[in-house]
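Colleague: need a structure here:
(chains A and B)
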Protein chains: 2
Amino acid sequence: MPLSSHQVQVAAYPSGGVGAECFEVVEVEVGPPGPGEVLVRNTWTSVDPGLRLRLRAEAPSGYFPAFDLHAPMDGILTIGEVVESRTDEFAAGDTVWHPFGWREYAVVDAAAEYMNGAATLRRLDVSDAPPQWYLGPLGAIGLTAYSGLAVVDALGGGETVWVSAAAGAVGSLVAQICVQLGHDVVASAGSPEKVAWLLEEAGVAAAFNYRTEPPLEALRRLAPDGLDVYFDAVGGDHLEAALASMRTHGRIALCGSISDYESDPIGPANLFLATAKHLTLRGFRGSFHTHLLEEAQSRIGRWLREGSIHYEETAYDGLGSAPQAMALVRI
Amino acid sequence: MPLSSHQVQVAAYPSGGVGAECFEVVEVEVGPPGPGEVLVRNTWTSVDPGLRLRLRAEAPSGYFPAFDLHAPMDGILTIGEVVESRTDEFAAGDTVWHPFGWREYAVVDAAAEYMNGAATLRRLDVSDAPPQWYLGPLGAIGLTAYSGLAVVDALGGGETVWVSAAAGAVGSLVAQICVQLGHDVVASAGSPEKVAWLLEEAGVAAAFNYRTEPPLEALRRLAPDGLDVYFDAVGGDHLEAALASMRTHGRIALCGSISDYESDPIGPANLFLATAKHLTLRGFRGSFHTHLLEEAQSRIGRWLREGSIHYEETAYDGLGSAPQAMALVRI
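Modeller: The predicted model follows:
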């Protein structure tokens, strides 16, 4: 028998910033599951700033498809509990992970493949980790942080690394992983409180507030011998400052350009320095590196449990608060 | 006893394009060589468009230093014949390679190191190659072409490669090497004559004139399934078109941005696609890859001798014509 389930649908594409008015909560019928399917009651779902790139009539070329209007957004990692299973692979009570978030219930094909060959539905081991960690440091965010360091060959430690947006979900993890790896970390964020958190809790060697000190000046002050690695989640003036500050053979991990999400993007005018200084820029998404997930979960899980790295959640209660959360999220 | 020698000095930094008025020919005294030095009579010197970046009061940060006014430019590869040697390593009559061009005679310290540990003075084997090839396909240009393909892992063949500025010194070599390697090559240049040369002589699969067809449109027409590799010597709209046209995991070799040399550079506004498509951009200079020189000389030399690749020289006679050559050079 079908269940009544609330879901959040895209009501309108934002013209400027993403506001709660872009979404509406709609009641729909879900299930029952067919053969090979499971019915999942969602318990945790994530609010990902990267979704903004798809909240438009046409997504950027080569990117994931745009979200349709009057439909729920798919591809948002979600934790749930199996309510009813019509496959031997899963049983009622299992904690699972799947991409159909922002709704109360979802019916999931247990055998389907998701991106890059990963399974759409995965059982989670929650014996020594709270389930919501799998939406954060043990999930896509952890994989993004870890694989970004992997693609620029920065898992070895002992270098000078600048992490931008370092108080955000990905950045705070990158900065702390880098500290654990033995890098000399310069971190940047947009408020004195975040800078204080980075210095006192995250344990970075140096931090600055890019709203009060231009990144290029701050880097000259805090990394006078230059950068080996830059983890970029900002683009714009941050990326230009990094290009100017990189040492020869430096590497830049391009994780996304939050500065471009809500305005016309501006390319780095000094990209020619990549030629002069033999720099490597590597764009990446965690989803291309699912082969690193177990390694990332194992190392990050250990650092979390031993208290070496800190992870702050912002949790909103109830599906109705998701649009508001999306409007407020900052990386 | 000192010799009288003419040299070309920088008379003024260009305000727009580089013109002959930026240089003046001056007569100076040279030599005699001291212990460990050799006196070289220069026979061939190169005219490198990349020198433009240094023809300004302050070179871009991280780049080679700017050229001084009222002094000759150093770092320009040059072929000469040893006239007088005061070291056992070289003898009168040797054909040599050194970085002190744009002058009739040079005194060179035979033991000095040049960039990245390479020797300042090197003896050349001219038994089966005309000496001036060492300024082109067997020299810095060949090393640039070959190492650019190496850094983006494109020496294997079997992919779709776009080569821009493909009728220029570096580009024409890159395009032809790619044909020899078995790549599917799309080439671009700025005139119908160059496009015809690329199709008929260089043997590329497809070519277009970027002055009459925007690169993005041409790529959609000629490489509808996208690019695996882009060899960029242009920047600007070319690089943007490449970013839009790259397939997932594509690689871009950043060889320089001729479009930036004489105007304010414009960064690629769609660099965020690097993240979405997991692209790698690698800046490089041939001088970082001197370890590849012998391999490049061996392979390119064989292709040249067997007539598989063609190399067109533009030779100017006499040192006095060097400023005019610099004003005319196009990559």
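Colleague: contacting residues for residue A:151?
Modeller: Neighbouring residues of residue A:151 by CB atoms under 8 Å, 6 or more residues apart in numbering or on different chains: A:253, A:282, A:284, A:289. Every C-beta, even on glycine, is put in place using the N, C-alpha and C of the backbone.
Colleague: can you give me the domain assignment for chain A?
Modeller: With domains defined by automatic domain parsing, chain A comprises A:3-135, A:140-287.
Colleague: any idea which helix or strand carries the residue in the stretch 101-250 of chain A positioned nearest to chain B?
Modeller: For the stretch 101-250 of chain A, the residue closest to chain B is residue A:244, as judged by CB to the nearest CB, at 5.3 Å. Per DSSP states H and E: residue A:244 is located in helix A:236-245.
Colleague: quick one: mean pLDDT over that helix.
Modeller: Averaged over helix A:236-245, pLDDT sits at 96.
Colleague: could I get the CA-only coordinates of that helix as CSV?
Modeller: Below are the C-alpha coordinates for helix A:236-245, written out as CSV (Å, rounded to 0.1, in the frame of the first residue of the first chain):
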residue,chain,number,x,y,z
GLY,A,236,38.4,34.3,-8.2
ASP,A,237,40.8,36.4,-6.2
HIS,A,238,41.8,33.4,-4.1
LEU,A,239,43.0,31.4,-7.1
GLU,A,240,44.8,34.4,-8.5
ALA,A,241,46.6,34.9,-5.2
ALA,A,242,47.6,31.3,-5.1
LEU,A,243,48.9,31.3,-8.7
ALA,A,244,51.1,34.3,-7.7
SER,A,245,52.2,32.6,-4.5
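Colleague: who are the packing partners of that helix?
Modeller: helix A:215-222, strand A:227-232, strand A:246-254, helix A:258-261, helix A:273-277 (3 or more CB pairs under 8 Å, 6 or more residues apart in numbering or on different chains; DSSP states H and E).
Colleague: other residues contacting the second one?
Modeller: Just to be clear, that refers to strand A:227-232. Contacts of strand A:227-232 (CB under 8 Å, 6+ apart): A:148-149, A:152, A:154, A:159-164, A:171, A:174, A:183, A:186, A:219, A:238-239, A:242, A:245-247, A:250-257.
Colleague: let's verify residue A:256: helix, strand, or coil?
Modeller: Of the three states, residue A:256 takes coil under DSSP: H, G, I helix; E, B strand; the rest coil.
Colleague: so residue A:187 is in which element?
Modeller: Residue A:187 belongs to strand A:184-189, assigned by DSSP H and E.
Colleague: next, the angle strand A:227-232 makes with that strand.
Modeller: Between the axis of strand A:184-189 and that of strand A:227-232 there is an angle of 30 degrees, by axes from the mean of the first three to the mean of the last three CA atoms, to 10 degrees.
Colleague: which parts of the helix or strand just after strand A:184-189 are buried?
Modeller: Sequence order places helix A:192-197 as the next helix or strand after strand A:184-189, per DSSP H and E. Neighbour counts using 16 or more other CB atoms under 10 Å in any protein chain shown place A:194, A:195, A:197 of helix A:192-197 among the buried residues.
Colleague: and what of stretch A:49-57?
Modeller: Buried residues in stretch A:49-57 (16+ other CB under 10 Å): A:49, A:50, A:51, A:52, A:53, A:54, A:55.
Colleague: near chain B, from those residues?
Modeller: Filtering the buried residues of stretch A:49-57 for proximity to chain B (criterion: CB under 8 Å from any CB of the partner chain) leaves residue A:53.
Colleague: what's the closest of the buried residues of stretch A:49-57 to residue A:201?
Modeller: residue A:49 (21.7 Å; CB to CB).
Colleague: low-confidence stretches in the stretch 151-300 of chain A?
Modeller: Residues of the stretch 151-300 of chain A meeting the criterion pLDDT under 70: A:258-263.
Colleague: how about a cut-off of 90?
Modeller: Where the stretch 151-300 of chain A drops to pLDDT under 90, the residues are A:168-169, A:256-267, A:276, A:287-288, A:290.
Colleague: what residues does it put near chain B?
Modeller: Residues of the stretch 151-300 of chain A found near chain B (CB under 8 Å from any CB) are A:235, A:239-240, A:244, A:246, A:248-249, A:254-257, A:260, A:264-285, A:288.
Colleague: contact partners for the residue lying closest to residue A:124 once chain neighbours are set aside?
Modeller: Leaving aside its chain neighbours, residue A:124 sits nearest to residue A:95 (4.8 Å; criterion: CB to CB, 6 or more residues apart in numbering or on different chains). Applying CB under 8 Å, 6+ apart to residue A:95 gives the contacts A:79, A:80, A:81, A:123, A:124, A:126, A:131.
Colleague: strands along chain A, start to end?
Modeller: Ranges of strands within chain A are A:3-10, A:23-30, A:37-45, A:78-85, A:95-98, A:105-109, A:122-123, A:160-163, A:184-189, A:206-209, A:227-232, A:246-254, A:280-283, based on DSSP state E.
Colleague: pick the most buried one from those strands.
Modeller: Of all those, strand A:160-163 has the most neighbours on average by mean count of other CB atoms under 10 Å in any protein chain shown, namely a mean of 30.
Colleague: in chain A, which residue is most central in space?
Modeller: Nearest residue to the geometric centre of chain A (CA atoms, centre = their mean): residue A:141, 4.1 Å.
Colleague: excluding chain neighbours, what is closest to it?
Modeller: residue A:169 (5.0 Å).
Colleague: from residue A:162, how far out is that neighbour?
Modeller: Going from residue A:169 to residue A:162 by CB to CB, to the nearest Å gives 18 Å.
Colleague: same check, this time on residue A:184
Modeller: Using CB to CB, residue A:184 is found at 10 Å from residue A:162.
Colleague: and the residue nearest to residue A:132 when sequence neighbours are not counted, what does it touch?
Modeller: Nearest residue to residue A:132 in three dimensions, chain neighbours excluded: residue A:44, at 4.6 Å (CB to CB, 6+ apart). With contacts defined as CB under 8 Å, 6+ apart, residue A:44 is in contact with A:78, A:79, A:80, A:131, A:132, A:135.
Colleague: need these in JSON lines (columns: pLDDT).
Modeller: Output for the contacts of residue A:44, formatted as JSON lines (pLDDT from 0 to 100):
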{"residue": "A:78", "pLDDT": "92"}
{"residue": "A:79", "pLDDT": "95"}
{"residue": "A:80", "pLDDT": "96"}
{"residue": "A:131", "pLDDT": "91"}
{"residue": "A:132", "pLDDT": "89"}
{"residue": "A:135", "pLDDT": "88"}
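Colleague: so which of those residues comes closest to residue B:100?
Modeller: Within the contacts of residue A:44, the smallest distance to residue B:100 is 62.3 Å, found for residue A:135 (CB to CB).
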